[in-house]
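> need a 3D model of the sequence below.
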Amino acid sequence: MVKPRKKLLAALLAGALAGGLVMSGTAEAYGGSVPHKAWNNPGHGAPVLHPGSAKAAGMRQEPLRAIDGVMEQAIAEKTMPGAVVLVARSGHIVKQQAYGDAARYTDDQFTEMDKPVAMRTNTIFDVASISKIFTTVAAMKLYEAGKIELDAPVADYIPEFAVNGKEAVTIRQLMTHTSGFTAWIPLHSQGETREDRLQLVFAQGLEAEPGTRYTYSDLNMITLGAIIEKLSGKRLDQFVKEQITGPLGMKDTMYNPPASLKHRIAATEYQPEIGRGLVWGEVHDENAWSLGGVAGHAGVFSTAKDLGIFAHMILNDGRYGGKRILKPATVKLLGQNQIPEFKGDDHGLGWELNQGWYMDALAGPSTAGHTGFTGTSIVISPKNKTIAVLLTNRVHPTRKTISLNGVRREFVRHAADAIPAPIPRRADAWFAGYGDKLDRTLVVETRKNARKFTFGTWYELEQDSDFGIVETSVNGTDWQETGIRLTGTNSKWRQMKVSLPEGTQFVRFRYTTDTLVNGRGWYVGDFRLDGRTVKPAKQSSGWARRNY
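Okay, here's the model as predicted:
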């Protein structure tokens, strides 16, 4: 005859195995220091970006290698023809690699070239809207010189802008996309000259009262670029080169690259409908093209290494090596959420903040970044001094391809996972893993007369969307919450206590996630029942025994 307690455990085991569970390994004693340069503790950064190793950066090599599979699969699925990635931490470049082709097709029917051009680590990309952060940094140079006030009306600098309800729109509202402008207008099909088209932007009306709505709009940055040109007396490309890219030594960053560099440039879209054919070596964005290739919203061409240099300058409070580009106080302004009233649209000056849909496990209130329509993205984590640059030509040969956002997320997730969690080296820890719409459980068997259950935990979860829940059960079927429901983040491995209801035989750790954003995850371990070490009864297919 099988005893009732054994029946319970057998039933729980059967259900667990049906869900893909396996028995756990041997536990180790709790104790030990956390890994050197663990999560949010990157150590001192180098003054310049340089080739380095994962070990020197305090990172793990395996997740960085996993990036290769993400890129290769995306190329195989024709999400993109090719890509270049760069991951750096504290100045150490730990991953810089090229995949696929920079130019492969002759038309939008995927007709292949006789001789496709292979992607290289120094391939130059049209970075599209990443141009916007160059425009903002350029504007902040004028701010530091006392020529721009953030809360001054745009009309103070461009009088003709003060029409159609725009009299009160400020510089800050341009930088945070709260001006009330519509997202886009087809400038390329209007006007005859660059000045004609700029005047069309200045005359454009608003869709909302200034400051009442967040709408990401190219018109904001086109206007900001025009202000820079008027106040500096120089075209935007010249000003950016003199004030930013030149001093930083970003020799492969420019507007309107010369024909002599075409062999190093990633091709973009086939656009016969506006008489362009295959766009290769010229700006892809139609409006930027109609503005002579130099505009506040698009037009910059760059490499992964050059963007890494730019990002490292931001991480180093405006300095790169011996060159100071921005004052520390200015960099702080760039990275502060200027529009907390628009929850979910966190925005610094020019920079997007805490956007998990592409920042994934590196997302956080201070994480800054931007994407570009051509298939580019940059993510900067100040807390981890980590940079993740992904450059693709996903619009080659057509923009009608699979969304790149999943690739962006997986790339950054692996970069984040390479940074060890702050778990004590000898802790018996279990990790819930990554994924959308998860409902993963880890079970620990207790005793009927047990009174206190303790465990260690560290977590960094999407606030109020992903949860770590602790539950108890007397029969392995019906569960009740203990009152421990974790979300957001804690700073270090901590011990927590659960007072067990009478008759409790099981404690369950349940990890649930929504879609689009994963944090660095949830770790639990060092389980003790009335002071005595116990092991998990089961491990789900998603939970893994790891303390890194």
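
> so in this structure, where's the weakest helix or strand by average pLDDT?
helix 4-18 (a mean of 40; mean pLDDT, DSSP states H and E).

> could you report the neighbour count for the spatially closest residue to residue 440 that is not a sequence neighbour?
Leaving aside its sequence neighbours, residue 440 sits nearest to residue 542 (CB to CB, 6 or more residues apart in numbering; 4.2 Å). Quick note: C-beta positions are derived from backbone N, CA and C, even for glycine. Per other CB atoms under 10 Å, the neighbour tally for residue 542 reads 19.

> again, but for residue 71
25.

> from what I can see residue 345 touches residue 337, true?
No. Residue 345 is beyond contact range of residue 337, at 9.4 Å (criterion: CB atoms under 8 Å).

> now do the strands in the stretch 251-400 of the chain.
254-255, 270-271, 277-278, 300-302, 319-320, 323-324, 352-353, 368-372, 376-381, 386-392 (DSSP state E, counting those that start in this stretch).

> packing partners of the fifth one?
The elements that strand 319-320 packs onto, with contact taken as 3 or more CB pairs under 8 Å, 6 or more residues apart in numbering; DSSP states H and E, are helix 304-315.

> what comes into contact with the helix it packs on?
Under the contact criterion CB atoms under 8 Å, 6 or more residues apart in numbering, helix 304-315 has outside partners 45, 48-49, 84-86, 88, 91, 93, 96, 121-122, 127, 130, 134, 244-245, 248-253, 302, 319-320, 325-326, 331, 334-335, 368, 378, 380, 382, 385, 387, 389, 391.

> in helices, which of these appear?
134, 248, 331, 334 (DSSP state H).

> ok, residue 294 to residue 335 distance?
Distance, residue 294 to residue 335, using CB to CB, to the nearest Å: 27 Å.

> no no, residue 216
Distance from residue 216 to residue 335, counting by CB to CB: 18 Å.

> which one of these two has more residues nearby?
The residue with more neighbours, out of residue 216 and residue 335, is residue 335; 18 against 15, by other CB under 10 Å.

> residues in contact with the more buried one?
In this structure, residue 335 makes contact with 314, 348, 351, 353, 366, 368, 382, judged by CB under 8 Å, 6+ apart.

> mind running it again at 6 Å?
Residue 335 sits next to 348, 368 when contact means CB atoms under 6 Å, 6 or more residues apart in numbering.

> what's opposite residue 377 in the beta bridge?
Note on residue 377: beta-bridge partners by DSSP bridges are residue 371, residue 390.

> now that it has come up, it's in contact with residue 392, right?
No. Under the criterion of CB atoms under 6 Å, residue 377 is not in contact with residue 392, lying 8.8 Å apart.

> between the two, who's got more neighbours?
The neighbour comparison of residue 377 against residue 392 (other CB under 10 Å) goes to residue 392, with 30 against 27.

> helix or strand: which one has residue 407?
In this assignment (DSSP states H and E), residue 407 forms part of helix 405-417.

> tell me which other helices or strands that helix touches.
helix 61-76, strand 386-392 (3 or more CB pairs under 6 Å, 6 or more residues apart in numbering; DSSP states H and E).

> now tabulate the ones you listed in CSV and tack on mean pLDDT and distance to residue 490.
What follows is the helices and strands packed on helix 405-417, written out as CSV (pLDDT from 0 to 100; distance: least, CB to CB, whole Å):
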stretch, mean pLDDT, distance to residue 490
helix 61-76, 98, 22
strand 386-392, 99, 20
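
> output those as JSON lines; include the columns distance to residue 237.
Listed next are the helices and strands packed on helix 405-417 as JSON lines, based on distance: least, CB to CB, whole Å:
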{"stretch": "helix 61-76", "distance to residue 237": "31"}
{"stretch": "strand 386-392", "distance to residue 237": "20"}
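
> winner for burial among these?
strand 386-392 (a mean of 29; mean count of other CB atoms under 10 Å).

> return that strand as PDB; C-alpha atoms alone will do.
C-alpha atoms of strand 386-392 as PDB (Å, rounded to 0.1, in the frame of the first residue of the first chain):
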ATOM      1  CA  THR A 386      27.500  48.400 -21.200                       C
ATOM      2  CA  ILE A 387      27.000  49.200 -24.900                       C
ATOM      3  CA  ALA A 388      25.000  47.100 -27.300                       C
ATOM      4  CA  VAL A 389      25.100  48.200 -31.000                       C
ATOM      5  CA  LEU A 390      23.100  46.300 -33.700                       C
ATOM      6  CA  LEU A 391      23.400  47.500 -37.300                       C
ATOM      7  CA  THR A 392      21.500  45.700 -40.000                       C
END
